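Visitor: What would the 3D arrangement of this be:
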Amino acid sequence: MWSYFRLFFSNNYWALVRDPEKLFAGSEVVQRATLETARDAANHYFQRCAAEGVTRGYFEAENDANGQWSRQYADKMAGRQSDDLLLGDKIVSEAGEGVVRVATMLSLRRLRLCGWLIGVLSGEAEIPDELNVL
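Guide: Next up is the predicted model:
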C-alpha cells in the first residue's frame with residue numbers, strides 16, 4: 001500500500017512541479033485529502049529542518065520555548081538512521097548547512113502553498129490576480 005501511495009503522490013506532485021499551470025487548468029483536480037497529506041508532509045519536514053537549523057545556529061528561534069523544543073528534537077533525532085528524515089542521500093542530522101537551509105525554506109514554501117490551495121478548495125481563500133502565497 002505505501003509503495004502505491006508514494007508512487008501516486010510523487011507522480012501527481014511532480015506533475016504539478018513540472019507544470020504548475022495544471023492547478024488552474026480545470027483538469028486533473030487534486031483532492032483535498034491529497035493536499036492535506038502534502039501539507040502534513042511539508043510541515044513535518046519544515047519542523048525537522050527548522051529544529052536542526054535552530055540547534056546549529058543557522059536560524060533564530062521565535063522564543064525560548066521554541067529554541068528549547070528545537071534543541072530537544074534535534075538531539076533526539078541526531079544520528080538515528082532509521083528515524084530521521086532524508087535530504088538527498090543524508091539524514092537531516094548529517095546534512096550540510098546549505099542543504100538544511102534550502103530544505104527548510106523549500107518545505108516552508110510547500111507548507112504555505114498547500115495551505116493556500118486547501119483554503120481555495122474550501123472557499124476560505126481566493127485566487128488573486130497576482131499570486132503571492134510563497
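
Visitor: would C49 count as being in a helix?
Guide: Yes. Assignment of C49 by DSSP: H, G, I helix; E, B strand; the rest coil places it within a helix.

Visitor: Any stretches of this protein with poor pLDDT?
Guide: Applying pLDDT under 70 to the chain flags the ranges 1-18, 20-29, 132-134.

Visitor: And the strands in it, which stretches?
Guide: Taking DSSP state E to define them, one finds strands in the chain at 86-87, 90-91.

Visitor: So in that sheet, which strands flank the first one, and in what orientation?
Guide: Here strand 86-87 is paired, per DSSP bridges, with strand 90-91 (antiparallel).

Visitor: List the neighbours of the strand it pairs with that are in contact with it.
Guide: Strand 90-91 is contacted from outside by 77, 79-81, 84-85, 96, 99, using Cβ atoms under 8 Å, 6 or more residues apart in numbering. Yep, even glycine has a C-beta here, placed from its N, CA and C like the rest.
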